[in-house]
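> Fold the following for me, if possible:
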Amino acid sequence: MSQRSERTTDTAGPLDRADRVDSATEVFVAHRSLLFTVAYEMLGSAADAEDVLQETWLRWVDVDLAVVREERAYLVRVVTRQALDRLRALGRRKEFYVGPWLPEPLLTAPDVAEDVELAESVSMAMLLVLETLAPAERAVFVLREVFGLDYDEIAEAVGKSPAAVRQLAYRARARVAARRPRVTASPVETRAALGAFQRAVETGDLQGLLDILAPDVVALSDGGGIKHALLRPIVGVGQVARLLAVGWWKRDAERSVEPVQINGGPGLLVRVNGEIDGVVAVRVENGCITGLYHVRNPEKLSRVERETAVSR
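Purely as a prediction, here's the structure:
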């Protein structure tokens, strides 16, 4: 499908136009969660993913559906092109971000965790790995490894030849393999680790934290310059445990935590005086916690009270 066919001149009458909008809406809604997931995995931002979907809808509603051979593939191409443009702009914005940048967390349904590949692809850990890729590499990796598109389809989406796409996919896979989490924890291990972590944090139990945290655990937090947060990653069980036992759980406020599913994995929703203060996404490997991702930036917390649908 050529780039020119993404927009058509609207010469239909009012009734024909209404029928076409209804048909376009039905198709778009049917694929919406998939399209959102593509954009979110490319951007790490739900707000920007929604903007991409809005831009995609405005293009889609003007398309003559009679000339579209495969609606899903067509919509994925449009979303990918819009997301690539936005991803390049986001890279410039992140250069001026205060402290570590973390993806915008999503409250997800329990069944997302049952799809291991989908859960890993939207996890905080994987989204941070994807941040190390160039925009085109990230798009190719997401479309090939997560959504299973063939190289010809991806080539149309990113505006490159199939041979170039194969090279991008090879480089992206190698970079991701070097950084991705080592072992996928079972649901039983995950629940046990999260429960032990919650109890230790709530009571300030330093020994309990030392027992559940991995020796090389990494803690990151994102306040966006709005809320107090770590300005650099904290590495190692001793430092992270002391931070959690003494500094993170302040005693001067009514603070509570609630276990939730964040980005397809375990997490805690933190409230202070009844108001949402942040979320902590947890990475579990071999029964121990190897990663803590604490998001406090209020501009990133709009998706932690209602579930967001993701699919592939």
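> for residue 140, what are its contacts?
154, 158, 165, 168-169, 172 (C-beta atoms under 8 Å, 6 or more residues apart in numbering). C-beta coordinates here come from the backbone N, C-alpha and C atoms, glycine included.
> just residue 94 next, same as before
By C-beta under 8 Å, 6+ apart, the contact set of residue 94 is residue 101.
> Could you number the chain from 814 rather than 1 from now on?
Understood, numbering begins at 814; the last thing we discussed is residue 907.
> ok, how many other residues are close to the nearest residue to residue 959 once chain neighbours are set aside?
Leaving aside its chain neighbours, residue 959 sits nearest to residue 934 (4.5 Å; criterion: C-beta to C-beta, 6 or more residues apart in numbering). Using other C-beta atoms under 10 Å, residue 934 has 23 neighbouring residues.
> what's downstream of the helix or strand hosting residue 934, the next helix or strand?
For residue 934, the element it lies in under DSSP states H and E is helix 929-935. Moving toward the C-terminus from helix 929-935, the next helix or strand (DSSP H and E) is helix 937-943.
> I'd like the next helix or strand past that next one.
helix 948-954.
> Off-centre distance for the very next helix or strand once past that next one?
Using DSSP H and E, the next helix or strand after helix 948-954 towards the C-terminus is helix 964-971. Distance of helix 964-971 from the chain centroid (C-alpha atoms, centre = their mean, to the nearest Å) equals 22 Å.
> what comes up buried for helix 964-971?
Within helix 964-971, the residues scored as buried using 16 or more other C-beta atoms under 10 Å are 964, 966-971.
> Let me know the closest of these to residue 886.
Of all the buried residues of helix 964-971, residue 886 sits closest to residue 966, with 5.7 Å by C-beta to C-beta.
> which residues touch the closest one?
Residue 966 makes contact with 886, 889-890, 956, according to C-beta under 8 Å, 6+ apart.
> Next secondary structure after the longest helix along the chain?
Criterion DSSP state H: the longest helix present in the chain is helix 827-856. Sequence order places helix 859-873 as the next helix or strand after helix 827-856, per DSSP H and E.
> chain center to that following helix: distance?
Taking C-alpha atoms, centre = their mean, the mean C-alpha location of helix 859-873 is offset from the chain mean by 16 Å.
> before we move on, what about stretch 965-985?
Centre-to-centre, stretch 965-985 and its host chain are 22 Å apart (C-alpha atoms, centre = their mean).
> how much space is there between the residue nearest to residue 959 and residue 1111?
26 Å (C-beta to C-beta, to the nearest Å).
> Kindly report the same for residue 961.
Look at residue 961 and residue 1111: by C-beta to C-beta, they are 36 Å apart.
> rewinding a little: buried among the contacts of residue 966? Need that as a selection in ChimeraX.
Restricted to buried positions by 16+ other C-beta under 10 Å, the ChimeraX selection for these reads:
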select :889,890,956
